[in-house]
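**Q** got a sequence here, can you model it:
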Amino acid sequence: MSNETVVVSHPLVQHKLSLMRDKELSTAQFRRLLAEIGPLMLYEATRDLALTTREIETPLARMQAPVLAGKKLCFVPILRAGLGLVDSMLDLVPSARVGHIGLYRDPVTLAAVEYYLKLPDDIAARQVILLDPMLATGHSAVAAIARLKQRGATAIKFICLVAAPPGIATIHEAHPEVPIYAAAVDAELNDHGYIVPGLGDAGDRLFGTK
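**A** Residues are numbered from 1 along each chain as shown. Predicted coordinates:
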């Protein structure tokens, strides 16, 4: 399905996101909540993973048991805020591989500038989960998806917490086959390209650099 945006409305996701939006929340609390919400978002985004069966023996009988098919997932956080989602997702899928894309946003043009890229060699054979808590203008996500495709990735999903309509439209226009999973779609961007009401700069709040 093209141009797909899934808003994860699960009550636990919505509750944790509301707590994260509070400007009085400490860095430690923000970090913990981001780690808690990550696996819940991943759960929704992996509902369609392919299964196969293999024979196992329970204490009572042999059976054909369902297991994941093919290569394991690859999580790719967009540095630096995407890092806050990785560890807890690895707790859920410990065999996953992890790539990294370093991008920063030019303060004048808001364009994404790449400064680091490291991906598994066999990324073309893996389902890639691209991670960034905020989808604002969409420039960073579009640039990251383009680089993943250049390296051979063909199955990509994007997970964020808060998205804005311009960012969603930017991804849908450039990469219509990449589904977006978000906990919320907020109203707008301000003059500095920040999501409103949003939750501020996720990287600053995650690492205490605000």
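**Q** give me the contact list for stretch 157-164.
**A** 5, 17, 20, 34, 37, 41-42, 45, 85, 127-137, 141, 145, 171, 178-189, 195, 198-199, 202 (Cβ atoms under 8 Å, 6 or more residues apart in numbering). In this view, the C-beta of every residue, glycine as well, is placed from N, C-alpha and C.
**Q** which residues touch residue 78?
**A** Here residue 78 is in contact with 101-103, 130-132, 140-141, 144 (Cβ under 8 Å, 6+ apart).
**Q** give me that answer again for 7 Å
**A** 101, 103, 130-132, 140, 144 (Cβ atoms under 7 Å, 6 or more residues apart in numbering).
**Q** considering those residues, which member attains the minimum pLDDT?
**A** Lowest in pLDDT among the contacts of residue 78 is residue 103, which has 84.
**Q** which element is it on?
**A** Here residue 103 is covered by strand 100-105, with elements defined by DSSP states H and E.
**Q** helices and strands around that strand, which ones?
**A** Helices and strands touching strand 100-105, by 3 or more Cβ pairs under 7 Å, 6 or more residues apart in numbering; DSSP states H and E, are strand 74-79, strand 112-118, helix 139-150.
**Q** one step back: take the contacts of stretch 157-164 and keep only those in strands.
**A** Those of the contacts of stretch 157-164 mapping onto strands are 5, 127-131, 134-135, 180-182, 184-185, 188-189, 195, per DSSP state E.
**Q** so which two of those residues are the farthest from each other?
**A** Greatest spatial distance in the ones in strands among the contacts of stretch 157-164: 127 and 188, 32.1 Å, computed using Cβ to Cβ.
**Q** flag every buried residue along the longest helix seen in the chain.
**A** Counting residues, the longest helix in the chain under DSSP state H turns out to be helix 27-45. Neighbour counts over helix 27-45 (16 or more other Cβ atoms under 10 Å) mark 30-35, 37-38, 40-42, 44-45 as buried.
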